[in-house]
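1. Let me see the structure of the following:
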Amino acid sequence: MRHAHRQCQAISKDLRSADRAESYDRPVKRSGVADLPLHGGRVPPWLAVRMVTLGTAIAESVIYHYGRSALLARLSDPFWFQALGSVMGMDWHSSGITTSVMGALKKGLNPRSHELGVFICGGRGRQSRHTPQELREVAQRESLDGDALVRTSRLTARIDNNAVADGFQIYLHSFVLTADGEWAVVQQGLNEDSRLARRYHWHSATVRDFTADPHTAIVGQHAGTIMNLVDRQARPAQDALLTIARDDPSRTLTEVRRLRMPAHHDVRRDDVNEKRLGAVLALAHERDLRDFASLLLLEHLGPRTLQSLALVAEVVHGTPTRFEDPARFAFAHGGKDGHPFPVPLKIYDESIAVLRRALDAAKLGRSDKLDGMSRLDSFVRGIEQRLGPEADVAATIARERQMSRSLGGRTVFDDRDRAATRPRRGQLNLFPR
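-> Numbering: from 1, shown residues only. Got it, this is the predicted structure:
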């Protein structure tokens, strides 16, 4: 036992001083492409309220440790965005992640915008049409240029809807703004023929010219040749148009990064980095590691909660390369569709409670618990580097499903079953569920 604790302490000590070469301190400058299959249905109320609470706590943690600009940089990274939706219990690869994550963040962050300095405007459908008014109201309160922000909002929407002729029509437009005037845009388009969605990411820190590779990311399935008049290779076409407008924009180059999401709904071995997941599972199931992790967090926690918190901690503190397998983060709180397993409500609520207690304590000057999340992330990476266990993905999913009922596991299909057995008006239900 003592030897195990010394090993744990060595891992923790090594990583406290580790050089995080890839951090989010600098703006993310990437473009990406990923499959986003369309899924019907809606987010059930029992999950929606938890997504608001957890999403807000994660955003607040990022702001606390790294600042508002870092939160916008993360939202501009399609990999991190997908991982965030997965850890919040959404279908890990579907288009619904975009709508539900941005909706949850808007509902949770806007009431505290005066405190956090982050405002989310717009949304899906009708909400997107309110973006100009919402931006002007924020600009007036924060002494920003409202007309310039509205122009930026309209430009990003028109470029993605018109200048990028990829067959996708924008139906969601979310504009994230800080009190300092920095902004990020997350919007999504629909291709009715292919039944696919494409998500577009923008970040003001990387945009120097709206007509020369302005995106941080374009996320969607490759569907043949695309006419993109804001691509740097479209310069001849731009010149012809701009000669008429007597405007000559400068060029900016951005890094190209592709995220290709699979078409299948379930989580498979190839979707997950087994070594990284293995380190999280080792933390949860090996007694010595589990005891030391609880000590780092200053919380008396069960193994399954530690598994979830380790993945939440990585979303807050992880570097860009850690999010190349977003499916791994679904092993925190499952998915509403039952993939990789039903949402364990007892664990979800305990994860929220631990993170909320840490944030509340930090406000009072006691940051030890919140710092414990950072130490937990470093500790898991130490396990990964030192021990290198690999997860058996199929066996892990089977084990999670086996104990799902004891953890309050729930899916949208359970809701349908309950609705089917609900008594009709005037009918007595002798066997309520």
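2. From here on, just use CA atoms for contacts and neighbour counts.
-> OK.
3. quick one: the strands in the stretch 101-250 of the chain?
-> Assigned by DSSP state E, counting those that start in this stretch, the strands in the stretch 101-250 of the chain fall at 118-124, 164-165, 169-178, 183-191, 196-203, 217-219, 227-228.
4. any chance of those in a markdown table, plus mean neighbour count and distance to V316?
-> As requested, the strands of the stretch 101-250 of the chain are arranged in a markdown table below (neighbours: other C-alpha atoms under 10 Å; distance: least, C-alpha to C-alpha, whole Å):
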| stretch | mean neighbour count | distance to V316 |
| --- | --- | --- |
| strand 118-124 | 24 | 17 |
| strand 164-165 | 16 | 32 |
| strand 169-178 | 23 | 18 |
| strand 183-191 | 24 | 18 |
| strand 196-203 | 26 | 19 |
| strand 217-219 | 27 | 20 |
| strand 227-228 | 16 | 34 |
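5. I'd like to know which of the ones you listed is closest to S76.
-> strand 196-203 (5.2 Å; C-alpha to C-alpha).
6. Hey, what's the angle from the closest one to strand 169-178? Just curious.
-> 30 degrees (axes from the mean of the first three to the mean of the last three C-alpha atoms, to 10 degrees).
7. returning to that earlier point: the strands of the stretch 101-250 of the chain into TSV, with extra columns for distance to D371 and mean pLDDT?
-> Shown next, in TSV, are the strands of the stretch 101-250 of the chain (distance: least, C-alpha to C-alpha, whole Å; pLDDT from 0 to 100):
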stretch	distance to D371	mean pLDDT
strand 118-124	22	97
strand 164-165	43	56
strand 169-178	24	94
strand 183-191	27	89
strand 196-203	28	86
strand 217-219	31	51
strand 227-228	44	44
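8. Is it possible to get a markdown table of those that adds distance to R154?
-> Shown next, in a markdown table, are these (distance: least, C-alpha to C-alpha, whole Å):
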| stretch | distance to R154 |
| --- | --- |
| strand 118-124 | 12 |
| strand 164-165 | 14 |
| strand 169-178 | 10 |
| strand 183-191 | 11 |
| strand 196-203 | 13 |
| strand 217-219 | 17 |
| strand 227-228 | 17 |
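9. Quickly list what L190 is bridged to.
-> Counting by DSSP bridges, L190 forms beta bridges with Q169, A197.
10. Show me how this protein divides into domains.
-> What automatic domain parsing lists as the domains of the chain is 30-256, 267-416.
11. and those domains, which one's lowest on average pLDDT?
-> For the domains of the chain, the weakest mean pLDDT is recorded on domain 30-256, namely a mean of 79.
12. how distant is that domain from the center of its chain?
-> Relative to its chain's centre, domain 30-256 lies at 12 Å (C-alpha atoms, centre = their mean, to the nearest Å).
13. can you check stretch 328-337 too?
-> Relative to the centre of its chain, stretch 328-337 is centred 12 Å away, using C-alpha atoms, centre = their mean.
14. end-to-end on it?
-> The first residue of stretch 328-337 is 16 Å away from its last residue (C-alpha to C-alpha, to the nearest Å).
15. contacting residues for E274?
-> By C-alpha atoms under 8 Å, 6 or more residues apart in numbering, the contact list for E274 reads E390, A391, D392, V393.
16. can you count the residues close to the residue nearest to the second one when sequence neighbours are not counted?
-> In this case it means A391. Leaving aside its sequence neighbours, A391 sits nearest to G278 (C-alpha to C-alpha, 6 or more residues apart in numbering; 4.2 Å). The number of residues packed near G278 is 22, by other C-alpha atoms under 10 Å.
17. I'd like the numbering to begin with 551 instead of 1 from here.
-> Yes, from this point I'll number from 551; that puts the last item at G828.
18. What helix or strand is G828 located in?
-> Per DSSP states H and E: G828 is located in helix 824-835.
19. Give the buried residues for that helix.
-> Neighbour counts over helix 824-835 (16 or more other C-alpha atoms under 10 Å) mark E824, K825, R826, L827, G828, A829, V830, L831, A832, L833, A834 as buried.
20. Go ahead and confirm the last one touches A860.
-> Right, A834. No. The criterion here is C-alpha atoms under 8 Å, and A834 misses it with A860 at 9.1 Å.
21. Distance check, V943 against P890.
-> For V943, the distance to P890 (C-alpha to C-alpha) stands at 10 Å.
22. ok, those two, which is more surrounded?
-> P890 (27 against 22).
23. which residues touch G673?
-> With C-alpha under 8 Å, 6+ apart, G673 has these contacts: T649, M652, G653, T681, L722, H723, S724.
24. okay, those residues in a markdown table with distance to P870 next?
-> Listed next are the contacts of G673 as a markdown table, based on distance: C-alpha to C-alpha, whole Å:
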| residue | distance to P870 |
| --- | --- |
| T649 | 23 |
| M652 | 20 |
| G653 | 24 |
| T681 | 30 |
| L722 | 25 |
| H723 | 24 |
| S724 | 22 |
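25. hang on, the earlier thing: how close does the residue nearest to A941 get to V822?
-> Taking C-alpha to C-alpha, one finds G828 at 10 Å from V822.
26. And for V599?
-> Using C-alpha to C-alpha, V599 is found at 28 Å from V822.
27. again with L937
-> For L937, the distance to V822 (C-alpha to C-alpha) stands at 18 Å.
28. neighbour count winner among these two?
-> V822 (18 against 13).
29. For that one, grab phi and psi.
-> phi -130, psi 140 (degrees, to the nearest 10).
30. likewise V817?
-> In terms of degrees, to the nearest 10, the main-chain angles of V817 are phi -100, psi 120.
31. Check whether L839 really touches V830, as I assumed.
-> No. In this structure, L839 is not within contact of V830 by C-alpha under 8 Å, at 10.2 Å.
32. List the buried residues in stretch 621-637.
-> By 16+ other C-alpha under 10 Å, the buried positions in stretch 621-637 come out as 621-637.
33. Which of those residues fall within helices?
-> The helices in this structure, assigned by DSSP state H, contain 621-625, 628-637 from these.
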